[in-house]
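> Got a sequence here, can you model it:
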Amino acid sequence: MQNLFREFSLKKLVALIFFTGLLWLGFTIVEDFGISWDEPIQLDIGISNYRYLKNADERLLELKDRHYGPLFEIFLVRMMDQSSPRLMYLSRHFWNFFTFLLGVIGFYLLLESMYPRRWLSLFGAALLVFSPRLFADAFYNSKDIPFLVAVIWAMAALFLYLSKPSLVRLLLVCFYSAAAIAIRLPGMFLLALTALMLVREALARRLPPRRAATHGLTYLLLTAVLVFLFYPVFWHDPLGEIPQAFEIMSYFPHFASVLYMGHFLSPQELPWHYLPVWIGITTPIPYLLLMLAGFARVIRQWLSRPSSLLADQQTPSLLAALWLGVPAGAVILRGSPMYDGWRQMFFIYPALLIFAVSGWEWLSSLLGRRLAHTRAGGLLNAALAVAIFVPSGLWMASHHPYQNLYFNRLAGPDMQTVKMRFDMDYWGLTYRRGLEAILEYDPRPVIRVHAANFPGEANAAILPADQARRLYFVPEIEQADYFITNYRWHPEDYPFPNEIFTLWWGNAKALSVFRLR
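Take a look at the predicted model:
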């Protein structure tokens, strides 16, 4: 008992240090990131919703993007520093990262309830943090990261409810489900997942059928009411706005081409393997191996004893399988449009990590049985953990602040090959460094710049005001002194001879600045 208490206390202390260190790290590096493609759009959505709430400003009702999830954007508008454009974006980045931190804590608590009195919860939380692309997006992606966080907390609440059903716990599931839907409408998958888990509980006779039905109806009705309250645009014309919102969700109208496997494709015509390939090439390979081990373990258990699907001990694995399978299956089978890598599906990543944690537990137990009662077993486990996290951590540190450009070796033998196969800087974050290079190179008070796409101009807002004022963006390249590009939709080199700055990514150019005159 004393040893158990000591391990418990040590784990809590390490977890506290881990989360405190993560908060400190985020606060330290929050100023390093550029402005992503969607941030000005999301800012406009938040401001329009906030003004509608505060002043009944009906501009929201005419906004093209009024059906985008408003909940987190309203929060950001309320919290952000509005004294200057730079401080506004920096404060948004901080609160976005703080929300990610809450998601990591939620994932830790979910794993803690699945694997009590073990270190697996901290292991899984570390997997989430040391995922390069998610870590970078945690600062500026105010759509997919907050949605991921809300889904994590919805799953944690659902698991808590399933462990001991009660109306109070069901209310928590309703709240987090509604919050997820009000951040991104694909959160509707939570309704189907929760219904399936309630049916399972009734079949397993852990929940009386009548009570399961009552709780299911309560969940659906209360979640619907909360979504309505969280979505201001629904209030003035529910019968008109709600169907439009779900029509857009089911077939999002995005038509810009996607570079995939060396070909530019329409988002509406992507092959079924687009999602698994993107997951495979942007997740650290050790994590993929652990996921495969976890899949193998669970499938072996289910095939050997199909009846175990109803067993209470299988709830974590089944919850993760539905979390992964319901939305991913819907996207693949329906051919839903995707673009910008797989960021729209980041919310299924924690489910994959649950399988990775299961795989780690399996491998650790195998080592433990073979090296029982020896220090070698513990040392080998520690060495394996180091081998898993240290490469990712070192890569993230050495490539900061461009962790969003992470690809593993499965994507190609070198970065030039990867660049010709897949979209790289689809967010446009490298533009910040390019604009800084122009300002360092050219001392003139007014510099005419032509950017290849929108973020090239948007990133000026995060520069100090006295520097941003020197940049004058022109619509035509013939009018410009400088041309700046992140090579999106044009991975080939440009013919301009005077390249004054290059951001190299391996042997590939991620961004270039050309002096034209």
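
> and whichever helix in the chain runs longest, what's its mean pLDDT?
For the chain, the helix that runs over the most residues, judged by DSSP state H, is helix 85-114. Helix 85-114 comes out with an average pLDDT of 98.

> buried ones in that helix?
Within helix 85-114, the residues that count as buried by 16 or more other Cβ atoms under 10 Å are 85-86, 88-112, 114. Heads up, the C-betas are built off the backbone N, CA and C, glycines and all.

> And stretch 459-474, by the same measure?
For stretch 459-474, by 16+ other Cβ under 10 Å, it's 459-463, 468, 470-471, 473.

> from those residues, which ones fall inside helices?
Per DSSP H, the buried residues of stretch 459-474 map to helices at residue 468.

> and the buried residues of stretch 459-474, which of them are in strands?
Among these, the members found in strands (DSSP state E) are 471, 473.

> got a markdown table for the buried residues of stretch 459-474, with distance to residue 178 and pLDDT too?
Shown next, in a markdown table, are those (distance: Cβ to Cβ, whole Å; pLDDT from 0 to 100):
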| residue | distance to residue 178 | pLDDT |
| --- | --- | --- |
| 459 | 34 | 99 |
| 460 | 37 | 98 |
| 461 | 33 | 98 |
| 462 | 33 | 98 |
| 463 | 38 | 98 |
| 468 | 39 | 98 |
| 470 | 46 | 98 |
| 471 | 42 | 98 |
| 473 | 41 | 98 |
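
> Can you tell me which of the buried residues of stretch 459-474 is closest to residue 345?
Within the buried residues of stretch 459-474, the smallest distance to residue 345 is 26.2 Å, found for residue 459 (Cβ to Cβ).

> quick one: that closest one from residue 405, how far?
Counting by Cβ to Cβ, to the nearest Å, the gap from residue 459 to residue 405 is 16 Å.

> again with residue 268
Residue 268 is 26 Å from residue 405, where distance means Cβ to Cβ.

> More neighbours: these two, which one.
Taking neighbours as other Cβ atoms under 10 Å, residue 268 and residue 405 compare with residue 405 leading, 24 against 15.

> can you tell me which residues contact the more buried one?
399, 424-425, 505, 510 (Cβ atoms under 8 Å, 6 or more residues apart in numbering).

> Is it possible to mark the buried ones in those?
For the contacts of residue 405, buried by 16+ other Cβ under 10 Å: 424-425, 505, 510.

> Among these, which pair sits farthest apart?
Farthest pair in those, by Cβ to Cβ: 425 and 505, 8.6 Å.

> shared neighbours of those two, which are they?
With Cβ under 8 Å, 6+ apart, residue 425 and residue 505 have common neighbours 402, 405.

> Backbone dihedrals for residue 490, please?
The phi/psi pair for residue 490 (degrees, to the nearest 10) reads phi -150, psi 70.

> pretty sure it is touching residue 452, no?
Yes. Counting by Cβ atoms under 8 Å, residue 490 touches residue 452, with 7.0 Å between them.

> Looking only at neighbour counts, state which of these two leads.
Each of residue 490 and residue 452 has its neighbours counted (other Cβ under 10 Å); residue 452 has more, 20 against 12.

> Perfect, I'm done here.
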